[in-house]
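Asks: can't give you the sequence, but here's the structure:
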């Protein structure tokens, strides 16, 4: 692993789960982790309900945009975390892969997205511990 660990979050549309995870990791690591997110079939914009759910906890992801998953993004990352993209994420030797099973917030109201957001935060905090990076929580 490099001196500054790098993490890539991947979901299908890069519009909800992976954007919230990237927002938490950027915020909680205070820049001590290089953070990327991408989707195997990126949507047109970030889910506005996910943006609102993150705003409730003081994290603004409104400027984020869905990005296409590329082999280069996977190769540049120490840890790749998939969230429902199945086999569409390229696999490269030497990378650490995790699969987080999380409900998809697409089409869900805010009260259904909050538990997903809170679960993502818990997992990101555990990930920071595994990376040896103190959380700013």
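Replies: Received, thanks. This one's a predicted model, so the numbers in the text were calculated from it and none came from an experiment.
Asks: please, which helix or strand holds the residue lying farthest from the centre of the chain?
Replies: Using C-alpha atoms, centre = their mean, the residue of the chain lying farthest from its centre is residue 93. It sits 21.1 Å away. According to DSSP states H and E, residue 93 maps onto no helix or strand at all.
Asks: which residues does it contact?
Replies: Residues in contact with residue 93 (C-beta atoms under 8 Å, 6 or more residues apart in numbering): none are found. Heads up, the C-betas are built off the backbone N, CA and C, glycines and all.
Asks: if I look at it, how far off is residue 60?
Replies: Residue 93 is 37 Å from residue 60, where distance means C-beta to C-beta, to the nearest Å.
Asks: equivalent analysis for residue 135, please.
Replies: Shown here: residue 135 relative to residue 60, a distance of 19 Å by C-beta to C-beta.
Asks: neighbour count for these two, which is higher?
Replies: residue 135 (18 against 11; other C-beta atoms under 10 Å).
Asks: need the contact list for the more buried one.
Replies: 28, 29, 125, 128, 129.
Asks: mind putting these in JSON lines, distance to residue 68 included?
Replies: Below are these laid out as JSON lines (distance: C-beta to C-beta, whole Å):
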{"residue": "28", "distance to residue 68": "26"}
{"residue": "29", "distance to residue 68": "24"}
{"residue": "125", "distance to residue 68": "28"}
{"residue": "128", "distance to residue 68": "27"}
{"residue": "129", "distance to residue 68": "31"}
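Asks: narrow those residues to those in helices?
Replies: Judged by DSSP state H, the contacts of residue 135 include 28, 29, 125, 128, 129 as members of helices.
Asks: and of these, the nearest to residue 81?
Replies: residue 128 (12.6 Å; C-beta to C-beta).
Asks: any idea how far residue 22 is from the nearest residue to that closest one once chain neighbours are set aside?
Replies: Sequence neighbours aside, residue 135 is the residue nearest to residue 128 in space, at 4.8 Å (criterion: C-beta to C-beta, 6 or more residues apart in numbering). To residue 22, residue 135 is 15 Å away according to C-beta to C-beta.
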